[in-house]
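> Task: produce atomic coordinates for the following.
(2 chains)
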Amino acid sequence: MTYKYFIDNREYIEALRKSGDLVDVMQEVDWDLELGAIVRRVCEKKGPAPFFHKIKDYPGFRAFGAPIATWRRLAVVLGLSPDASIPDIVEEWRRRTSGPAYKPEIIDKKDAPCKEVIIMGDEVDVFELPAPMVHDGDGGRYIGTWHFVVAKDEETGFVNWGMYRLAIFDEKTLVGPVLPFSDMGRIFYQKYEPFNKPMPVAIVIGPDPLSALASLAPTPLPEPEFTGQLMGEPVKLVKCETCDLYVPATAEIILEGELLPNVRLEEAPFGEYTGYRTSPRDKRNVYRIKAITMRKNAIMTVSNMGVPVDEGQLLRSFTLAMDMEQLLKSQGLPVTGVYMWPESTHHLLVIGVKPVYSNIAQQVGSLVLGSKAAPWFHIVVVVDDQTDVYSLDDVIHAICTKWHPVRGTILMREGVGTPLNPFASPEERFSQRAPKVILDCTFPLDWPKPLVPIKVSFNNVYPEEIKKKVLENWKAYGFKD
Amino acid sequence: MAEYDTFINKNFEDLKDEKEIVGVIRDLSPGKKKYKCLCAKFIVSKDPNKYPDRLWIRLGRGQLVKDHPCSVKIVEILKPY
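The predicted structure follows:
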């Protein structure tokens, strides 16, 4: 079954224009900080996505900022009304991710828009692309902020698409961290670097919205098949010019090259998803670019990470929570809902459970903190089924009334962290370790029933007939909503 | 006068004056190639007028040390790898 999806960003931009979620910026903007500052302010105001028509020094190019930085835009991406609620979006995601996956369809080069312009060899110069200086103080011009890197395990054929930040070093060189626990890191550090082999990569800038989503969402599927699952039909790919990798045919810009073994160059600092510049300038992985292919009048995509909410925070929070829900339900645990607020920079996971036996918070918390995704979060709040996991008011109330600071705190002193954790000590960041905590916001089951406090809310302390009468007469009483 | 910057993961006071450094500097010339990185051997002076080119210092998290412009002499441009 084919779902509603956009074949490329151009179709998506048109849809956002129609729904009132896009601003056409016709005035020339400077790629050096001005463009980034606009995108940052848009994120902080949760405003419409800016589509820049004129970029200083780069006639013919355009740029698309904050592509999916709001729930409204995510709803549009999933074919829903922009006013769809978060539970509606969750339901649509569940529907799509429970359908069949599809292997990609390979199309001919002549039918692939991303091959309209081809630049090879000595002619390659990434400074010819309008990579922005996103934040003042960044260590470079980040050409990869809303993009993904294609890599393949040659032994198994497993293909990974992952969003790994990328800065320009010089005309043919990009730099960026490849974390060892990432899918690409596992391939590179096990299969290529020990043998001093460069790893072929393709960097896809400006992919269609669902391919972009697939590249940052946790999934056991290879991302091209996962994209097909989200689309309800195969994603169309085309072969690279210089290697045996395949890229989405409708993407805006493709950089083909190699991740070099045993070479490191200075990268960062960079405004990161946590809302801080945490990782220092340091020697990190190096990509050598051998070819550029792109569409005519290509559209650079720009995500501006910083304080919430940008698309990294929104989409990683959303998809991590969905992944953790799937994990918990796959074990038959009595989970009522899982959610991460984007404002938590995907550091805080809320799990709703039916507390049908003792220590269930410890059980579900330990499971998610032992999962592959655990490096990305360190606080797990477990609430009961009287708490709406999507309601900040409800969860704050549960923490402040049901969580016992001693009995309810389950501390894991050592866990897998990332170098980007602002709260971690420099030593912990360096060694990618982080403490974790589970906050048990359920009342103990062994308390005598008469002693258990009763939640006092409209839903909880009135008879059904009174609630029904009040709801039916609400407007008659004189209330608007 | 050309302008460059470089990042140091230590305090400005600890920057070695008048010593040859092998590191990365960024070319701040306006235009499409602004912020291009160069691997180089260079000598920094905290006297802003000692060498012909300007060097701005940024700390490890990008903080610009704006009150202390330095000057720089590039001894040799190196291959990055």
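> Apart from its chain neighbours, what residue comes closest to residue 21?
Since no chain was named, I'll use chain A. Distances taken as CB to CB, 6 or more residues apart in numbering or on different chains place A:Pro48 nearest to A:Asp21, at 4.9 Å, with adjacent residues excluded. C-beta: built from backbone N, CA, C; applies to glycine.
> if you could check chain B rather than the one you did, that'd help
The shortest distance from B:Ile21 to any residue other than its chain neighbours is 5.7 Å, reached at B:Phe42 (CB to CB, 6+ apart).
> any idea which helix or strand comes after the one helix or strand the one you found maps to?
Using DSSP states H and E, B:Phe42 maps to strand B:36-45. For strand B:36-45, the following helix or strand on the C-terminal side (DSSP H and E) is strand B:53-59.
> Okay, now the sheet partners of the very next helix or strand once past that next one, with direction.
Once strand B:53-59 ends, the next helix or strand along the chain (criterion: DSSP H and E) is strand B:70-78. Strand pairing for strand B:70-78, using DSSP bridges, gives strand B:36-45 (antiparallel), strand B:53-59 (antiparallel).
> and residue 41, how many residues sit next to it?
Using chain A here. Residues contacting A:Arg41 under the criterion other CB atoms under 10 Å in any protein chain shown number 13.
> Please refer instead to chain B.
14.
> Using PDB, list the CA coordinates for stretch A:448-456.
C-alpha atoms of stretch A:448-456 as PDB (Å, rounded to 0.1, in the frame of the first residue of the first chain):
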ATOM      1  CA  PRO A 448      -2.000  -1.100  52.100                       C
ATOM      2  CA  LYS A 449      -4.800   0.000  49.700                       C
ATOM      3  CA  PRO A 450      -6.500   2.400  52.200                       C
ATOM      4  CA  LEU A 451      -3.100   4.200  52.500                       C
ATOM      5  CA  VAL A 452      -2.500   4.800  48.800                       C
ATOM      6  CA  PRO A 453      -3.100   8.500  47.900                       C
ATOM      7  CA  ILE A 454      -5.900   9.100  45.500                       C
ATOM      8  CA  LYS A 455      -5.300  11.400  42.500                       C
ATOM      9  CA  VAL A 456      -7.700  14.200  42.500                       C
END
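> buried sites along it?
Across stretch A:448-456, burial judged by 16 or more other CB atoms under 10 Å in any protein chain shown covers A:Lys455.
> From the rest of the structure, what touches that stretch?
The contact list for stretch A:448-456, computed with CB atoms under 8 Å, 6 or more residues apart in numbering or on different chains, reads A:386, A:401, A:443, A:460-461.
> Between all of the residues you listed, which two are separated the most?
Pairwise distances across the contacts of stretch A:448-456 peak at 16.5 Å for A:Phe443 and A:Val461 (criterion: CB to CB).
> more crowded one of the two?
A:Phe443 (16 against 11).
> picking up where we left off before, can you add mean pLDDT and give the strands paired with strand B:70-78 back as JSON lines?
As requested, the strands paired with strand B:70-78 are arranged in JSON lines below (pLDDT from 0 to 100):
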{"stretch": "strand B:36-45", "mean pLDDT": "98"}
{"stretch": "strand B:53-59", "mean pLDDT": "97"}
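> and A:Gly337, how many neighbours does it have?
A:Gly337: 18 neighbours (other CB under 10 Å).
> From the contact counts, what lies against the strand or helix carrying it?
Element membership for A:Gly337 (DSSP H and E) is strand A:335-339. The contact analysis (3 or more CB pairs under 8 Å, 6 or more residues apart in numbering or on different chains; DSSP states H and E) places strand A:335-339 against helix A:311-330, strand A:348-353.
> Work out the gap between the strand holding B:Phe42 and the centre of the chain.
6 Å (CA atoms, centre = their mean, to the nearest Å).
> Checking my notes, A:Leu174 in a strand, right?
Yes - according to DSSP: H, G, I helix; E, B strand; the rest coil, A:Leu174 belongs to a strand.
> is it in a bridge, and if so with what?
A:Ile168, A:Tyr287.
> How many residues are close by it?
When neighbours are counted by other CB under 10 Å, A:Leu174 comes out with 29.
> swap in the one 10 residues further on?
A:Met184 has 24 neighbours, counted by other CB under 10 Å.
> State the distance from the residue of chain B found nearest chain A to A:Thr250.
Here chain B gets closest to chain A at one residue, B:Gly62, 2.6 Å apart by CB to the nearest CB. Distance, B:Gly62 to A:Thr250, by CB to CB, to the nearest Å: 35 Å.
> and A:Asn262, what does it touch?
Each residue near A:Asn262 by CB under 8 Å, 6+ apart is listed here: A:193, A:196.
> In a helix, it, correct?
No - with three-state DSSP as the criterion, A:Asn262 is located in strand rather than a helix.
> confidence score at it?
A:Asn262 is assigned 98 on the pLDDT scale.
> just the one 10 residues further on next, same as before
The pLDDT attached to A:Glu272 in the predicted structure is 94.
> A:Ser457 too?
At A:Ser457, the pLDDT recorded in the model is 94.
> Quick check, A:Leu411 in contact with A:Val437.
Yes - applying CB atoms under 8 Å as the test, A:Leu411 and A:Val437 come out as touching, 5.5 Å apart.
> Which one's more surrounded, these two?
Ranked by neighbour count (other CB under 10 Å), A:Leu411 and A:Val437 place A:Val437 first, with 17 against 8.
> how about that one, phi and psi?
Main-chain torsions, A:Val437, degrees, to the nearest 10: phi -140, psi 140.
> returning to that earlier point: which residues touch the residue of chain B closest to chain A?
When contacts are counted by CB under 8 Å, 6+ apart, B:Gly62 is found next to A:135-139, A:269, A:277, B:7.
> distance of the residue nearest to B:Ile21 from A:Val286?
21 Å.
> For the residue in the stretch 151-300 of chain A positioned nearest to chain B, grab the count of nearby residues.
Residue nearest to chain B within the stretch 151-300 of chain A (CB to the nearest CB): A:Pro280, separated by 3.7 Å. By other CB under 10 Å, 19 other residues sit near A:Pro280.
> That'll do, ta.
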